[in-house]
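Asks: A predicted structure for the sequence below; I have some questions about it.
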Amino acid sequence: MGKILVTGASGYIGGRLVPELLARGYKVRVMVRAPSPAYQELWPDVEIVAADALNLDQLEDALKDIDTAYYLIHSLLLGRREFAAADIQAAINFRIAAEKNRIRRIIYLGGLGDTRSELSSHLQSRIQVAQELSKGEVPVTALRAAVIIGSGSASYEIIQNLVRKLPVIFIPRWAMTKCQPIAIRDVIKYLVGVLEITETSGASFDIGGSDVLSYYDMLKIRAELLNRKRLFIPFFSFLPLYSYTGAFFTPVPAPITRALIEGLKNEVVCQDNTIRQYLPFTPLTYKEAIIRAMNREEQDRIHTRWSDAYPPAHELALKLYELKDGPRYTNTYSLPTPKDAAALFRCICAIGGKEGWFSNNWVWRLRGTIDKLLLGVGATRGRKSQSTLRINDVIDYWRVEDLQKNCRLLLRAEMKLPGKAWLEFKIQDEGRQRRLSIIAYYQPQNFFGKVYWYAFLPFHQFLFNDLIRQIEKRSQDQAEIP
Ligand SMILES: NC(=O)c1ccc[n+]([C@@H]2O[C@H](COP(=O)([O-])OP(=O)(O)OC[C@H]3O[C@@H](n4cnc5c(N)ncnc54)[C@H](OP(=O)(O)O)[C@@H]3O)[C@@H](O)[C@H]2O)c1
C-alpha cells in the first residue's frame, strides 16, 4: 500500500493513530498546521507536512502521492459561532484536494447521533462533515463514535476532574441520557482495521464499547474507581451553568466543554453493529477502558492531549524574539551560585504541574483560578509529563517557547492578560560561579495593560525572588531530564 496521510496528527486521536500505523509498517505522512521539531522527534520515520485545511492549495500539496487519508479534523476550539462553518469548508476543501490527487480512500472519524432527533450543533456538524466528504468521487469510510475513553481525551478529562474535585455533583435530567462510550484502544483498532479491509470502503459504521450507560452511571463508576464518595443531587437543567462549571473545574477549554455538554441531551448509542462482521473483536467495557486510561496516566507516557493544542494554532503565536523593538517592560531577578548548571537546569525544568512552583504555590494557583474564572486556560492543564520537557509543551498556564539545555528555559504566558508576557530562566557562567536569573518580559496591549504591569510588580518582586532562591536551594539530586 502507498503512503497514508494522517490529518489532525497534533490532536488526540491522530496522535494515538500515528504510532500504531508505524508499528504496522505503513509509510506515514502527518499533516499539521504548524510544524515543530517536536513531531520529528516523536515520530522520526514520519514525513511531516504543514497545511491548513482551510487552504486548498496547501491541502492539494499535502495529499500528493497519498493512497489513503485519515480525516481527523475539527475546529471546536474556534467557539460555537465559527466552528461549524470552518468544519464544512475544511471538508469541502479536503474532498476537492483528494479528488484532484485521485487518492484511493478517506477514512473519517465522526460522532454518533440519531439524525431524526434534534442534534446539538457539534453532533450535527460531525454528520454534515461526513456527508460533505462523501459527495465526491473518493470513497469515504465513516466511523461514528460517542465518548472516547482514554487518558487525555476531553470527555474523559471532564468526567475525571468533576469526580475528583467536587464532593457534591448536581445531576440534570439529561445526565440520564444513554451513551455507548468506547476505549481509545478500540477506536484505533477500528481505524486501522478498516484501512486493512477494502470492503469497508464507501460505508459508514457505528462503533461503540461493550456497554450502554447513562452519563450519571459513568460519573458513579469513575467515583468508585477513584475510591471517592460523592453525593449526586438531581438539579434543574440549565446549560450555561453546567458548561461554566465544566470549564472552571476541568482543564478542558470552555468552547470544547460547552459543545460536549450541549451534546449530552442526545442519545449516542450504536444503531447497527455491521462493523463486527468485519472486525469481530470484543471491545472493552467503560470500566475496563477507565482502568487502562488510569494506568497510562500513571506511566506518564501520554503522547498527545487536547490541551496541547490549546489555544488553537499556538505554534503561530508571536515569539519573544519577534517583537520588533523588544518588550516594553523587563524585570530581572538574579543571584550568584556555586551550583552546577546541569543541576540548576534540571530543577528549573521540574517546575509546575504536580510539582508546583516550589513555594507560594497558593499564589500561582490563585492566578490560575482567576484565569479560569475568566474562562482562560487556568493552571489545571498541568504538564503532559513531569519527567520530560520539550519546546511547545504546556506548563500550567505557560507554554515552552525555547529550551536550551543547561542554559535557558523561556515560557510564554497563555493566560488571559492585557498584553503578552514571557518568563525566562537563565543560567550563565560567571568565573567559577554561575548566575541564575529569572527575567519577566511584558508587552502591554493598551493603557489597562500598563496599569496591570505596575499593579502586579510588587507581587512579582516577592514571587520571583522567592522562586529563584528555591531553585538554587533545591538544585541537586533531581531526576535526569532527557
Ligand atoms: N475525542 C473524542 O472523544 C471523540 C469522540 C468521537 C469522535 N471524535 C472525532 O474524532 C476526530 C478527531 O478528534 P480529536 O479528539 O482527536 O480532536 P482534537 O484533539 O481536538 O484535534 C483536532 C485536530 O484538528 C486539527 N485542525 C483543526 N482545524 C484545522 C485546520 N483548519 N486545518 C488542519 N488541521 C486542523 C487540529 O490541529 P491544530 O493542532 O493545528 O489545532 C487538531 O490536530 C474528530 O472528527 C472528532 O469528532 C472524537
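Replies: Received the coordinates, thanks.
Asks: list, one by one, the residues from the stretch 101-250 of the chain near the ligand.
Replies: Taking CB under 6 Å from any ligand atom as the contact definition, the stretch 101-250 of the chain meets the ligand at 109, 110, 111, 126, 145, 147, 148, 153, 154, 155. Heads up, the C-betas are built off the backbone N, CA and C, glycines and all.
Asks: residue 283 versus the fifth one, what's the distance?
Replies: Noted for residue 145: a distance of 11 Å to residue 283, by CB to CB, to the nearest Å.
Asks: please apply the same query to the third one.
Replies: Applying CB to CB, one obtains 17 Å for the distance of residue 111 from residue 283.
Asks: residue in the protein nearest to the ligand?
Replies: Closest contact between the chain and the ligand, by CB to the nearest ligand atom, is at residue 11 (2.2 Å).
Asks: what is the burial count for that residue?
Replies: Residues lying near residue 11 (other CB atoms under 10 Å) number 20.
Asks: I figured it hits residue 72, correct?
Replies: Yes: in this structure residue 11 lies within contact range of residue 72 using CB atoms under 8 Å: 6.0 Å.
Asks: where do the contact lists of those two overlap?
Replies: Residues touching both residue 11 and residue 72 (CB atoms under 8 Å, 6 or more residues apart in numbering): there are none.
Asks: of residue 145 and residue 283, who's got more company?
Replies: Neighbour totals were compared for residue 145 and residue 283, and residue 145 leads with 26 against 23 (other CB under 10 Å).
Asks: pretty sure that one contacts residue 208?
Replies: Yes: using CB under 8 Å, residue 145 is in contact with residue 208, at 7.1 Å.
Asks: what touches both of those two?
Replies: Counting by CB under 8 Å, 6+ apart, the residues touching both residue 145 and residue 208 are 112, 182.
Asks: okay, the residue of the chain closest to the ligand: pLDDT?
Replies: As predicted, residue 11 sits at a pLDDT of 87.
Asks: can you check residue 49 too?
Replies: Residue 49 is assigned a pLDDT of 96 by the prediction.
Asks: for the helix or strand it falls within, the distance to its chain's centre please.
Replies: Following DSSP states H and E, one finds residue 49 within strand 47-50. Relative to its chain's centre, strand 47-50 lies at 20 Å (CA atoms, centre = their mean, to the nearest Å).
Asks: paired strands for that strand, with orientation please.
Replies: According to DSSP bridges, strand 47-50 forms sheet pairs with strand 28-32 (parallel).
Asks: helix or strand next in line after the strand it pairs with, which one?
Replies: Following strand 28-32 toward the C-terminus (DSSP H and E): helix 37-42.
Asks: ok, that next one near the ligand or not?
Replies: No: judged by CB under 6 Å from any ligand atom, helix 37-42 stays clear of the ligand, getting no closer than 10.5 Å.
Asks: and the contacts of that helix?
Replies: 9, 10, 30, 32, 46, 48, 303, 390, 391, 392.
Asks: give the helix, strand or coil label for the last one.
Replies: Taken by DSSP: H, G, I helix; E, B strand; the rest coil, the conformation at residue 392 corresponds to coil.
Asks: would you mind measuring from residue 128 to residue 213?
Replies: Taken as CB to CB, the span from residue 128 to residue 213 is 27 Å.
Asks: quick one: which of those two has more around it?
Replies: Set side by side, residue 128 and residue 213 show more neighbours around residue 213, with 20 against 15, by other CB under 10 Å.
Asks: quick check: the more buried one touching residue 178?
Replies: Yes: between residue 213 and residue 178 there is a contact under CB under 8 Å: 7.2 Å.
Asks: how close does the residue of the chain closest to the ligand sit to residue 153?
Replies: With distances taken as CB to CB, residue 11 is found 10 Å from residue 153.
Asks: how far does the longest helix along the chain sit from its chain's centre?
Replies: Among the segments of the chain that qualify as a helix by DSSP state H, the longest is helix 447-474. Distance, stretch centre to chain centre, for helix 447-474: 29 Å (CA atoms, centre = their mean).
Asks: which strands or helices does it pack on?
Replies: strand 329-337, helix 341-348, helix 361-373, strand 419-430, strand 433-444 (3 or more CB pairs under 8 Å, 6 or more residues apart in numbering; DSSP states H and E).
Asks: secondary structure class for residue 228?
Replies: Per three-state DSSP, the local secondary structure of residue 228 is coil.
Asks: neighbours of it, how many?
Replies: For residue 228, using other CB under 10 Å, the count is 13.
Asks: repeat that for residue 288.
Replies: Neighbours of residue 288 using other CB under 10 Å come to 17.
Asks: repeat for residue 456
Replies: 16.
Asks: which regions of the stretch 201-350 of the chain sit below the pLDDT cut-off?
Replies: For the stretch 201-350 of the chain, the stretches flagged by pLDDT under 70 are 296-316.
Asks: tell me which stretches of the stretch 1-150 of the chain form strands.
Replies: Ranges of strands in the stretch 1-150 of the chain, per DSSP state E, counting those that start in this stretch, are 3-7, 28-32, 47-50, 66-71, 105-111, 140-145, 148-149.
Asks: what's the average pLDDT for the second one?
Replies: Across strand 28-32, the average pLDDT comes to 96.
Asks: was I right about residue 359 contacting residue 468?
Replies: No: checked against CB under 8 Å, the pair residue 359 and residue 468 is beyond contact range at 10.5 Å.
Asks: compare these two (neighbour count), which wins?
Replies: The neighbour comparison of residue 359 against residue 468 (other CB under 10 Å) goes to residue 468, with 20 against 16.
Asks: pLDDT score for that one?
Replies: Looking at residue 468, the pLDDT reads 95.
Asks: which residues are in contact with it?
Replies: With CB under 8 Å, 6+ apart, residue 468 has these contacts: 333, 334, 335, 436, 437, 438.
Asks: got the buried residues for stretch 231-248?
Replies: Going by neighbour count (16 or more other CB atoms under 10 Å), the buried part of stretch 231-248 is 242, 243, 244, 245, 246, 247, 248.
Asks: hmm, the host helix or strand of residue 255 in reach of the ligand?
Replies: Residue 255 belongs to helix 254-262 when assigned by DSSP H and E. No: judged by CB under 6 Å from any ligand atom, helix 254-262 stays clear of the ligand, getting no closer than 7.3 Å.
Asks: and the next element down the chain from that helix?
Replies: Next along from helix 254-262, by DSSP H and E: helix 275-278.
Asks: work out the gap between that following helix and the centre of the chain.
Replies: 31 Å.
Asks: other residues contacting it?
Replies: So helix 275-278 is contacted by 143, 190, 193, 194, 197, 199, 200, 205, 206, 207 (CB under 8 Å, 6+ apart).
Asks: list the buried residues of stretch 167-183.
Replies: 169, 170, 171, 172, 174, 175, 177, 179, 180, 181, 182, 183.
Asks: could you work out the most separated pair of those residues?
Replies: Greatest spacing in these, by CB to CB: 170 and 183 (27.8 Å).
Asks: where do the strands of the stretch 151-300 of the chain begin and end?
Replies: Along the stretch 151-300 of the chain, the stretches classed as strands by DSSP E, counting those that start in this stretch are 168-171, 178-179, 182-183, 204-207, 213-214, 231-234.
Asks: same for the second one, what does it pack against?
Replies: The one in question is strand 178-179. Using 3+ CB pairs under 8 Å, 6+ apart: strand 178-179 touches strand 213-214.
Asks: many thanks, have a good one.
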